[in-house]
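> A structural model of the following input is requested.
(chains A and B)
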Amino acid sequence: MFEGWDAVVLARAQFAFTMSFHIIFPAFSIGLASYLAVLEALWLATGREVYINLFNYWLKIFAVAFGMGVVSGIVMSYQFGTNWSAFSDKTGPVIGPLMAYEVLTAFFLEAGFLGVMLFGLQRVGPRLHFVATLMVAIGTLVSAFWILSANSWMQTPTGHAVNADGQFIAADWLKVIFNPSFPYRLVHMVLAAYLTTALVVGAVGAWHLLRDRHLAGARVMFSMAMWMATLVAPIQIIAGDQHGLNTLEHQPVKIMAMEGHFQSHKDGAPLILFGLPNQAAGRVDYAIEVPKLGSLILKHSPDAPMAGLDTVPRENWPPVPITFWSFRIMVGMGLLMLALGLFSLLMRVQGKLYDSRLLHMFAVAMAPAGFIAVLAGWITTETGRQPFTVYGLLRTAESASPLAAPAVASSLIAFIIVYFAVFTAGVIYLLRLMAAPPHPGEQGPSKDVPARAAGITPAAGAAAEGAAR
Amino acid sequence: MIPIDLPTIWAFIIAFAVFVYVVMDGFDLGLGILFPLFPEKRDRDVIMNSVAPVWDGNETWLVLGGGGLMAAFPLAYAVLMPALYTPMIAMLLGLVFRGVAFEFRWRTTKERNMWDIAFAGGSLLATLAQGIALGAILQGIHVSGRHYAGGWWDWLTPFSILTGVALVIGYALLGATWLVMKTEGALRDRAYHLSWVLLLAMLGAIGAVSIATPFLSVQYTQRWFTWPNIVLTAPVPVAVAAVTALLLRSLANKYDYQPFFLTLALFALSYAGLGISMYPYIVPQSITIWQAASPANSQVFMLFGVAVLIPLILGYTAWAYWVFRGKVRPESGYH
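From the prediction side, this is the model:
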């Protein structure tokens, strides 16, 4: 079986599949860890019970999501070696240390304090427990810092040299870490994680408000989430625009694919809204376009000339239809988020934030929008830099392991079966937790576990709250 | 003698990370392996709770081992991972089942048993795969240029099966002595009995692997049995015998803590034995640590981080263990 298949294509499918499953969980847990830290800080500062209830409510959800992120993440750390060994040999000296720093500064911090965060409130007291929560939240952000630095170096490599064995080596570590696309990518991704979490929190709050608009926990979480959407969605659109301009400077071919610019335009490129990119023919069929707007957005001048894919050798073309469409899906989600943020602001100003059923239904419908946008955004940036793993320097086809197609196909099938079984169950458990309304006396992950070493009992919660006053 | 240079320092750092992983996730995985022997839900809850707050930190050492290997010895990582393709994928899938079971089994009552099976099966699969991978590395890997040049079933030999089974026994012993330390009553009594059986099995496994290894390659034989090496290698089996005697005594006296820590010592000695066999090769008989090493500036860059952060990590990890110290009681946490 699979003898006639291309091992590189299978390896790419495997990486895309396992990576897409993985990114969902960090995108959620980066934002949720920060949200939990804010909730606990508010509880410590005000002593209001609603905050500790919300904290415990989301902590249970965090525990399940974080667990899935951990196990799918370990797969990624070994996938470089199993399926991309030539890449690992050549880039290990440069991106290996970045990932090692991620483990040392972030993964251990998260894992080391996670146990105390989940089960230790009663054992260490509220203040030390808050430190643990803060460490987990900081860990998720530090992790994003290093892994996005590594990814960005692959997109816009700087500060490196090549040694006699053909390996990339660092010539200047600061230039490697702070490569040109890194600051933009980091800001864009962290904001995306915060928005993704806010949309989930907002949807859960809205879901319970649709049933009982006086539920205290639901009101608090909905209001906090809508503030986040109102404030961060516009910032994210600006950050995305800046990221796009940075890409135009360093990876212009990716922009050509995103925009569907097969042809060069000497006096102003159009903005193609929709159409069917035809890679073989080198044109966009049925294009709906606004003349000159492309140049206006990207070059801030309607008549600025823009080069198209006709200036690039065909063997260096990225897969245009995927890049073109995933980019549009991401932008569409972003615009919907902006709409939700503005609509909620309008309702808030009118004093109808907790009463507008239309707003609540809109917020519920937007629950998956962040995940869709994150996936679409990553697909845009990862397919748009093809056919290279290290942009312009190392081709994807030269990066793969010397494996036979049946080996890669078998493992791909195993991953697909296991991930769908395991993560479907996990998502069902998450939805089940979210379907239950937050209530007074909410308990942490140890709720239904009499044996847990450090159960947070209602009495202990009250005592802790007393101690915090 | 061993020259002290960057690749040597890094070989010890990676070896340290892998060893910490082996003993720390070793007892987590051992508990999973022993799970089928404790069918009572009450016992299983206690067993899970004894590691629930720390297992994630334990597993992180595996990521450091893999990530560190890619960073410090990229050529070794690039050759070993394709060579161990199937065991590695099996290990990762096993760890997926094992890891999610920690949370999932509390989130459902109907299917809880299903996640108990996932926990036990995942632990067993991951352990077998790790042991097989170890055997596959020891028996040698077919390398051509900078690439793995063998097939995708090369890892499967009687020797690698032997090391796979040996590691299952070893982790189970770690798990059993962990339970002796962390539990009470009938559960602890069962763990004692299991520790006896597993210790005897472990001694048999150490013996079998020790006898089989010199037959794999002349290099191993010369390393262990020729003058003057034998002056350095002879103390290892002597120490194994001494630790075994202490371990038997501690089990006979029904001590709480000693069996676990002496089992750790047994692991440390076996691990040192592996190191003696392999050094200075990182891929036995084909790639040395100097050939595989990344350039000095990569290794120095990371060394700063390791020097500062590893002590910090050990510090807060120890604190987390201290917070959850003592016996896990089914009733604890409630008045």
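> please count neighbours and contacts with C-alpha atoms only from this point.
OK.
> for chain B, give me its nearest residue in the stretch 101-250 of chain A.
Taking CA to the nearest CA as the measure, the stretch 101-250 of chain A has A:G115 as its residue closest to chain B, at 3.9 Å.
> what residues are up against that residue?
Contact partners of A:G115, counting by CA atoms under 8 Å, 6 or more residues apart in numbering or on different chains, are B:52-54, B:320.
> just the buried ones from the residues you listed?
B:52-54, B:320 (16 or more other CA atoms under 10 Å in any protein chain shown).
> sorry, back to before: ok, and which of the contacts of A:G115 reach chain A?
On the criterion CA under 8 Å from any CA of the partner chain, B:52-54, B:320 are the entries of the contacts of A:G115 that sit beside chain A.
> could I get these in a markdown table, plus columns for distance to A:V200, pLDDT and secondary structure?
Output for the ones next to chain A among the contacts of A:G115, formatted as a markdown table (distance: CA to CA, whole Å; pLDDT from 0 to 100; DSSP: H, G, I helix; E, B strand; the rest coil):
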| residue | distance to A:V200 | pLDDT | secondary structure |
| --- | --- | --- | --- |
| B:A52 | 27 | 86 | coil |
| B:P53 | 27 | 86 | coil |
| B:V54 | 28 | 88 | coil |
| B:A320 | 31 | 86 | helix |
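> for chain A, which helix is longest?
Secondary structure of chain A read by DSSP state H shows that its longest helix is helix A:7-46.
> any idea of the mean pLDDT in it?
Averaged across helix A:7-46, pLDDT comes to 92.
> can you pull the buried residues of that helix?
A:7-12, A:14-16, A:18-44.
> do the same with stretch A:112-128
Here stretch A:112-128 shows A:112-127 as buried, counting by 16+ other CA under 10 Å.
> go on, stretch A:264-272?
The neighbour-count check on stretch A:264-272 (16+ other CA under 10 Å) flags A:264-265, A:268-272 as buried.
> ok, stretch B:317-325 next?
B:317, B:320-321, B:323-324.
> pLDDT below threshold where in chain A?
Applying pLDDT under 70 to chain A flags the ranges A:1-4, A:446-469.
> what do you get if the cut-off is 50, keeping everything else the same?
Residues of chain A meeting the criterion pLDDT under 50: A:447-469.
> could you pull out the strands for it?
In chain A, the strands defined using DSSP state E lie at A:160-162, A:168-170, A:271-278, A:283-290, A:388-390, A:394-395.
> which among those is found nearest to chain B?
Here strand A:168-170 is closest among those (CA to the nearest CA), at 7.1 Å.
> contact partners for A:Q279?
Residues in contact with A:Q279 (CA under 8 Å, 6+ apart) are A:319-321.
> same thing with A:F262?
Counted by CA under 8 Å, 6+ apart, A:F262 has contacts A:256, A:282-284, A:308-310.
> now tabulate these in JSON lines and tack on neighbour count and distance to chain B.
Shown next, in JSON lines, are these (neighbours: other CA atoms under 10 Å in any protein chain shown; distance: CA to the nearest CA, whole Å):
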{"residue": "A:M256", "neighbour count": "25", "distance to chain B": "34"}
{"residue": "A:G282", "neighbour count": "16", "distance to chain B": "38"}
{"residue": "A:R283", "neighbour count": "17", "distance to chain B": "40"}
{"residue": "A:V284", "neighbour count": "20", "distance to chain B": "41"}
{"residue": "A:G308", "neighbour count": "21", "distance to chain B": "38"}
{"residue": "A:L309", "neighbour count": "24", "distance to chain B": "35"}
{"residue": "A:D310", "neighbour count": "14", "distance to chain B": "37"}
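> in helices, which of those residues fall?
A:M256.
> and the two most separated of the contacts of A:F262?
A:V284 and A:D310 (13.0 Å; CA to CA).
> what ranges do the strands span in chain B?
B:143-144, B:147-148, B:281-283, B:287-288.
> which residues touch the third one?
Around strand B:281-283, the neighbours that count as contacts under CA under 8 Å, 6+ apart are B:76, B:80, B:137, B:140-141, B:287-289, B:292.
> again, only using 10 Å
B:11, B:73, B:75-77, B:79-80, B:137-143, B:275, B:287-293 (CA atoms under 10 Å, 6 or more residues apart in numbering or on different chains).
> surely A:Q79 touches B:M88?
Yes: taking CA atoms under 10 Å as the definition, A:Q79 is a contact partner of B:M88 at 9.3 Å.
> ok, B:N297 - contacts?
By CA under 10 Å, 6+ apart, the contact list for B:N297 reads A:93-94, A:169-173, B:303.
> for it, give its distance to B:I289.
To B:I289, B:N297 is 16 Å away according to CA to CA, to the nearest Å.
> for B:Y77, same thing?
B:Y77 sits 11 Å away from B:I289, going by CA to CA.
> what subset of the contacts of strand B:281-283 is buried?
Among the contacts of strand B:281-283, the ones that count as buried by 16+ other CA under 10 Å are B:11, B:73, B:75-77, B:79-80, B:137-143, B:275, B:287-290, B:292-293.
> any residue of the longest helix along chain B touching chain A?
Ranked by residue count and defined by DSSP H, the top helix of chain B is helix B:185-216. No: using CA under 10 Å from any CA of the partner chain, helix B:185-216 stays clear of chain A, coming no nearer than 13.8 Å.
> could you give me the buried positions within that helix?
Under the neighbour-count criterion of 16+ other CA under 10 Å, helix B:185-216 has B:187-188, B:190-192, B:194-196, B:198-199, B:201-203, B:205-206, B:209, B:213-214 buried.
> which non-adjacent residue is nearest A:A13?
A:L412 (7.8 Å; CA to CA, 6 or more residues apart in numbering or on different chains).
> A:Q14 is in contact with the one you found, correct?
Yes: the pair A:L412 and A:Q14 qualifies as a contact (CA under 10 Å) at a distance of 5.4 Å.
> quickly note the distance from the residue of the stretch 101-250 of chain A closest to chain B to B:P53.
For A:G115, the distance to B:P53 - CA to CA - is 4 Å.
> what touches both of these two?
Common contacts of A:G115 and B:P53 (CA under 10 Å, 6+ apart): B:320-321, B:323-324.
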